[in-house]
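Asker: attaching a predicted model along with its sequence, questions to come.
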Amino acid sequence: MSKDASGEKGVEKDYSRSASFRLLLRLVTPYRALAVFTVLALLCDITGMLYIPTELSALINTAVSSTDASGMLAHGISMLVAAIVGSGGCIVSYWLASRLAARVGRDMRVAVYEKSLELGGYDFDQLGTGSMITRTLSDANVVQQTFLMTFIMLAPVPVICVVAIVLAFGIDYVMGWLLLAITLVMGVVMVIAVKVSAPIFLVLQGFIDNMNTRLRETITGIRVIRAFGREDAERRNLDATFEDYARNAIHVNLVFATADCMTFFLMNVVEVLVVWLGADRVGVHAMQIGSISALVEYAMLIMFFMMMGQFAILQLPRAMACLTRASEVLAVEPRVRDQKAPAELAAAEPSVPVARFDHVSFRFADADEDTLRNLSFSLRRGEVTAVIGSTGSGKSTIAKMLLRFHDVTAGRIEFLGQDVRNVGQHEFRDHIAYVPQKAWLFSGTIAQNLRDGNPDATDEELWHAVDVAQGAFVHELAGGLDARVSQGGSNFSGGQRQRLAIARALARKADLYVFDDSFSALDYKTDARLRHAIRAELADAAVLIIAQRVSTIRDAAQIVVLRDGEVVGLGTHDELLATCPTYLAIARSQERGGEEDE
Ligand SMILES: Nc1ncnc2c1ncn2[C@@H]1O[C@H](COP(=O)(O)OP(=O)(O)OP(=O)(O)O)[C@@H](O)[C@H]1O
């Protein structure tokens, strides 16, 4: 690797590390008091753990060297108090640490989710939808668990090691050196285990992303996979993804298991060493016999907590990677964003078009050429404007630009006389009702879905919208408006979904209604009835209909003919038949196809 490349990587690593720390600080800051109380409770726990063996050894020494019953009783009572304080501290510290970790995890989840609501389609494409789900759920869980483990397993390690070694030196300096040596050996075992496993842990999180993305794709496209008999190929692909994950997970577990076995072996060796060397020191009157029990207990506490700390340390790089991934999402500047103080949408004169494309060009960030080129036309109140063109000519992009899902590359789009970039996105979208090309419904009831268009709509208004949208089938459903809708609306046919999506838009009182190829799944009769009903219903609003069929748009006040992102014709049906060869060709090809309007 070149020096420059490694330098860049180092800078990147530093940046992501500082971004993770900043996010961690942001997540913890609101819970400072909770963190302080957790640490205090932990200190009570540790004090109890170390004080009991100290008092026990004093009790044994008293019992061996004298018959001082009141002295023994005093040590017994001290042990009881230490046990109560220690157990209380343990329970409270676990409880507080769990609350702290759960809140940090929740806040991280909410922060990433709320950010995802600000992002547009392009931003999602860059991050990957599967990865966004992992970042919102799995990554936040890892951070939450690590937080808990850090408090409960890692934070006590330095305190226990230092205090236990100091106490051992207080009993006998040789035993103090022995405990120090044991701590250093354990430290080396810990460092080796962490160094070997940490990189694999980071890779594992990437595998979870990969599995999520692949599974999502397979489950969503399961019908296509079945229809084309691709089950075996897909199974092989998924198996390979799962296999990669399993192989790495097994590797990590092997490292853990080896470290565990070594630690348990070392514990037994250490016990023998302490008793053996302790007996020697008792023999030369350097310490009393009861102190051996305290020293064994200190050594075991050091080793046990170092082993637990090792688990927590192993989680740290993974949690930092998860924090980095979350901070990457939080740092994304949405391509479409509001100004700091967006203008309010003022009431416009009736002569002002509801929306106006003024020499608009647009290019997708990853495209080589413009998708829309120099578009100019207006959408007026009381008029139906239609857009027609071959597939890929840019029709849906026009609808998305109107809703400001993308910003223009050149020119401007006005809504009620104001540049849409100067107005708050939410504010002006409230004035638009949109039926997307893919009619998407949310799981719940029909009424809940329709109220996404207008939360205040009464049942009567919803029924009216359903009737205008030619949704007679809703009357036949057992629950009517309360009939259940599955995720995506999968328990309805394509045509039924389109009608419900149209009803959702009609439930909203808007200045502009955008129908993106919304009539394509309807038969010709229903299409015609719907258009007549809509014309009467939306007489005061501007309507934009994007369509493939000439029969759907022939009555429109103006038709925009699009070819390769350019307007090649603008006028009524009759005018275009006479002046626009592209429109004439489309109309002729459809007549040959035998399509007839009502
Ligand atoms: N996110 C994107 N990134 C890059 N190019 C895109 C993106 N979305 C659409 N395009 C391209 O922009 C062009 C116009 O797409 P658009 O969906 O507007 O076409 P359309 O006329 O609505 O087509 P159809 O009638 O098939 O729905 C297409 O060539 C398409 O490949």
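Answerer: All right, it came through fine. Treat the numbers as computed from the prediction; the structure is a model and nothing was measured.
Asker: near the ligand, which residues of this structure?
Answerer: 364, 366-367, 371, 389, 391-397, 437 (CB under 6 Å from any ligand atom). Just so you know, the C-beta spots here come from the backbone N, C-alpha and C atoms, and that holds for glycine as well.
Asker: and if we set it to 8 Å?
Answerer: 121-122, 125, 364-367, 371, 389-398, 400, 437, 516-517, 546, 548, 562, 565 (CB under 8 Å from any ligand atom).
Asker: residue ranges with poor pLDDT in the protein?
Answerer: Residue ranges of the chain with pLDDT under 70: 1-16, 202, 205, 592-598.
Asker: give the contact list for whatever residue of the stretch 201-350 of the chain ends up closest to the ligand.
Answerer: In the stretch 201-350 of the chain, no residue comes nearer to the ligand than Arg335, which is 11.1 Å away by CB to the nearest ligand atom. Shown in contact with Arg335 (CB atoms under 8 Å, 6 or more residues apart in numbering): Gly120, Tyr122, Asp123, Ala365, His406, Asp407.
Asker: the residues of the chain next to the ligand in strands, which ones?
Answerer: Residues of those located in strands (DSSP state E): Gly389, Asp516, Ile546, Leu562.
Asker: what segments of the stretch 201-350 of the chain are helices?
Answerer: 222-227, 231-283, 291-331 (DSSP state H, counting those that start in this stretch).
Asker: can you say which of those is packed in most?
Answerer: The highest mean neighbour count among the helices of the stretch 201-350 of the chain, using mean count of other CB atoms under 10 Å, belongs to helix 291-331: a mean of 21.
Asker: so Met49 sits right up against Ile160, yeah?
Answerer: Yes. In this structure, Met49 is within contact of Ile160 by CB atoms under 8 Å, at 7.4 Å.
Asker: more neighbours: which of those two?
Answerer: Met49 (24 against 21; other CB atoms under 10 Å).
Asker: quick check: Leu375 is in a strand.
Answerer: Yes. Counting by DSSP: H, G, I helix; E, B strand; the rest coil, Leu375 is part of a strand.
Asker: quick one: stretch 372-392 to chain centroid distance?
Answerer: Relative to its chain's centre, stretch 372-392 lies at 36 Å (CA atoms, centre = their mean, to the nearest Å).
Asker: oh, I was asking about stretch 310-325
Answerer: With CA atoms, centre = their mean, you get 18 Å for stretch 310-325.
Asker: neighbouring contacts of it?
Answerer: 16-17, 19-20, 23-24, 108, 131, 135, 138-140, 142-143, 145-147, 149-150, 153-154, 189-190, 193-194, 197-199, 201-202, 204-205, 256, 259.
Asker: also stretch 557-566?
Answerer: 370-375, 377, 380, 383-390, 393-395, 397-398, 553, 567-573, 576, 580, 582-583, 586.
Asker: same thing with stretch 457-466?
Answerer: So stretch 457-466 is in contact with 446-447, 450-451, 453-454, 474, 481, 499-500, 503-504, 506-507, going by CB under 8 Å, 6+ apart.
Asker: tell me the centre residue of this structure?
Answerer: Residue closest to the mean C-alpha point of the chain, counted by CA atoms, centre = their mean, is Thr136 at 2.3 Å.
Asker: please report the distance of that residue from the ligand.
Answerer: The spacing between Thr136 and the ligand, counted by CB to the nearest ligand atom, to the nearest Å, is 22 Å.
Asker: ok now do that residue, which residues does it touch?
Answerer: Counting by CB under 8 Å, 6+ apart, Thr136 has contacts Arg109, Val112, Tyr113, Ser116.
Asker: now it. Nearest residue, chain neighbours left out?
Answerer: Val112 (4.8 Å; CB to CB, 6 or more residues apart in numbering).
Asker: my guess is the one you found contacts Leu137. True?
Answerer: No. Val112 lies out of contact with Leu137 (CB under 8 Å); the separation is 9.2 Å.
Asker: and the closest residue in space to Gln126 that isn't next to it in sequence, how many neighbours?
Answerer: Closest residue to Gln126 apart from its sequence neighbours, by CB to CB, 6+ apart: Val332 at 7.7 Å. By other CB under 10 Å, the residues close to Val332 number 16.
Asker: try Phe405
Answerer: 17.
Asker: still on that earlier bit, could you check how far the residue nearest to the centre of the chain is from Ala585?
Answerer: 48 Å (CB to CB, to the nearest Å).
Asker: please enumerate the strands of the stretch 401-550 of the chain.
Answerer: For the stretch 401-550 of the chain, the strands defined by DSSP state E, counting those that start in this stretch occupy 410-415, 418-419, 432-435, 444-445, 484-485, 512-516, 542-547.
Asker: helices and strands around the fifth one, which ones?
Answerer: For strand 484-485, the contact count by 3 or more CB pairs under 8 Å, 6 or more residues apart in numbering; DSSP states H and E identifies strand 444-445, helix 446-451 as packing neighbours.
Asker: put the alpha carbons of the longest one into CSV.
Answerer: In other words, helix 446-451. Output in CSV follows, covering the C-alpha atoms of helix 446-451 (Å, rounded to 0.1, in the frame of the first residue of the first chain):
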residue,chain,number,x,y,z
ILE,A,446,-58.5,0.5,4.9
ALA,A,447,-59.6,3.4,7.0
GLN,A,448,-56.1,3.8,8.6
ASN,A,449,-54.6,3.8,5.1
LEU,A,450,-57.1,6.4,3.7
ARG,A,451,-56.5,8.6,6.7
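Asker: got the domain boundaries for the chain?
Answerer: The record's domain parsing of the chain by automatic domain parsing lists 3-331, 348-431+546-598.
Asker: any chance of those in CSV, with distance to Gln487 too?
Answerer: Output for these, formatted as CSV (distance: least, CB to CB, whole Å):
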stretch, distance to Gln487
domain 3-331, 11
domain 348-431+546-598, 22
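Asker: anything in contact with each of Met49 and Ile160?
Answerer: Leu301.
Asker: for Ser490, give me phi and psi.
Answerer: In terms of degrees, to the nearest 10, the main-chain angles of Ser490 are phi -70, psi -10.
Asker: okay, the contacts of Thr136 in a markdown table with secondary structure, neighbour count and distance to Leu184 next?
Answerer: Formatted as a markdown table, the contacts of Thr136 follow (DSSP: H, G, I helix; E, B strand; the rest coil; neighbours: other CB atoms under 10 Å; distance: CB to CB, whole Å):
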| residue | secondary structure | neighbour count | distance to Leu184 |
| --- | --- | --- | --- |
| Arg109 | helix | 19 | 40 |
| Val112 | helix | 21 | 41 |
| Tyr113 | helix | 15 | 45 |
| Ser116 | helix | 18 | 47 |
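Asker: show me which of the residues you listed is closest to the ligand.
Answerer: For the contacts of Thr136, the nearest to the ligand is Ser116 (17.2 Å; CB to the nearest ligand atom).
Asker: how about that closest one, what does it touch?
Answerer: Contacts of Ser116 (CB under 8 Å, 6+ apart): Phe124, Met132, Thr136, Val329.
Asker: and these, which of them are in helices?
Answerer: Phe124, Met132, Thr136, Val329 (DSSP state H).
Asker: what does the helix or strand hosting Glu591 contact?
Answerer: Glu591 belongs to helix 581-592 when elements are defined using DSSP states H and E. If you take CB under 8 Å, 6+ apart as the criterion, helix 581-592 is touched by 388-390, 549-551, 559, 561, 563, 568-569, 576-577.
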